[in-house]
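Peer 1: Need coordinates for the following:
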Amino acid sequence: MSINKTQIVEGLNQIWGKWSHFGSELNEDQWQTSSRLPGWTVKDNLSHIVGGEYMLSGRKLPEAEISAEHVKNPVGEANEKALHSFREKQGNEVLTLFNEITAERFQVLSEMSEEEFQAVGWTPAGEAPYGRFMQIRVYDAWLHMQDCREPLGLPGDEDGLPAEIAIDEVSSAAGYIVGKKGGAPEGSRVQILISGPVERTLRVEVKEGRASLVETFDEDPTSTLTLSSLDFTALTGGRDDSTMYIEDGRVVLGGDLEVARRIAENLAYTI
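Peer 2: Got it, this is the predicted structure:
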């Protein structure tokens, strides 16, 4: 995966700016509205982003005993600890902290050398360049904004650089989704057509037991899925059950329908 420092840092700058503008127009009732994520309010989504940037900047978050039904793993527990730190604050107070830490982080990232940005270390996707971690941060911030916009009935920011980076991040997992999660058999040629607002055509071929992204197929695809970029990120992020998307036509299946449906029902891969 190519890591473009200029593009990724600008993507972060843009999505942080979009969050700042979005948050500045919310009242406290809106901040307390439940988001698409179980147990998380709109404010909690922003608190989560602030907490992540605090940790990346080396700031300590208070320890907290966490007990919640939706916490399934250690990453989820760490997220809840970040939320706990800001639970007593008003939404506009969290937004102020967000603006402060993201301004600081943007300066740090802008001044970071190419060597530092490409240095390999721990990321949520395993050992990878630091820049890949920042790409995931763009995806995370953009997806959480959509988690908030939808229940508030305030659509927006569905395309543009942050959305493009988010789709690129999810697309990099297409082989895993099709092969490991979806169980596509040997010889499968699976095409996922993302119809917009961000458009992509993902082609995954299963060959010698391995599912890999390819540029083209030698023959027609054996199974196809067609859906919007918003639905693609919602389903790969585990925000909704894909069954209703298939039934109401938001996800259109083609070719070998058994394989296509199995892939569609197992798109969720994030933790």
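Peer 1: Please enumerate the helices of the stretch 51-200 of the chain.
Peer 2: Taking DSSP state H, counting those that start in this stretch as the criterion, the stretch 51-200 of the chain carries its helices at 74-86, 91-111, 114-118, 130-152, 161-171, 174-175.
Peer 1: Let me see the mean pLDDT of the second one.
Peer 2: Put plainly, it is helix 91-111. Helix 91-111 shows a mean pLDDT of 97.
Peer 1: so where is the stretch 51-200 of the chain shaky, pLDDT-wise?
Peer 2: Along the stretch 51-200 of the chain, segments meeting pLDDT under 70 span 62, 64-79.
Peer 1: switch the cut-off to 90
Peer 2: Residues of the stretch 51-200 of the chain meeting the criterion pLDDT under 90: 51-52, 54-55, 57-88, 122-126.
Peer 1: Looking at residue 204 now. What's its pLDDT?
Peer 2: Residue 204 carries a pLDDT value of 98.
Peer 1: Can you tell me how far it is from residue 58?
Peer 2: For residue 204, the distance to residue 58 (Cβ to Cβ, to the nearest Å) stands at 39 Å. Yep, even glycine has a C-beta here, placed from its N, CA and C like the rest.
Peer 1: got it, and residue 207?
Peer 2: Residue 207 is 44 Å from residue 58, where distance means Cβ to Cβ.
Peer 1: Please apply the same query to residue 231.
Peer 2: Using Cβ to Cβ, residue 231 is found at 37 Å from residue 58.
Peer 1: So between those two, which is more surrounded?
Peer 2: Counted by other Cβ atoms under 10 Å, residue 231 and residue 58 do not tie: residue 231 has more neighbours, with 19 against 6.
Peer 1: Tabulate the helices of the stretch 51-200 of the chain (CSV), appending mean neighbour count.
Peer 2: As requested, the helices of the stretch 51-200 of the chain are exported to CSV (neighbours: other Cβ atoms under 10 Å):
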stretch, mean neighbour count
helix 74-86, 18
helix 91-111, 16
helix 114-118, 13
helix 130-152, 22
helix 161-171, 23
helix 174-175, 22
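Peer 1: Now do the contacts for residue 201.
Peer 2: Taking Cβ atoms under 8 Å, 6 or more residues apart in numbering, we find residue 201 in contact with 191-194.
Peer 1: Also residue 110?
Peer 2: Counting by Cβ under 8 Å, 6+ apart, residue 110 makes contact with residue 9.
Peer 1: For the protein, which segments are assigned as strands?
Peer 2: Counting by DSSP state E, the chain has strands at residues 120-121, 128-129, 189-195, 199-207, 210-213, 223-227, 252-255.
Peer 1: Report the angle between the fourth one and strand 223-227.
Peer 2: Just to be clear, that refers to strand 199-207. Counting by axes from the mean of the first three to the mean of the last three Cα atoms, to 10 degrees, strand 199-207 points 160 degrees away from the direction of strand 223-227.
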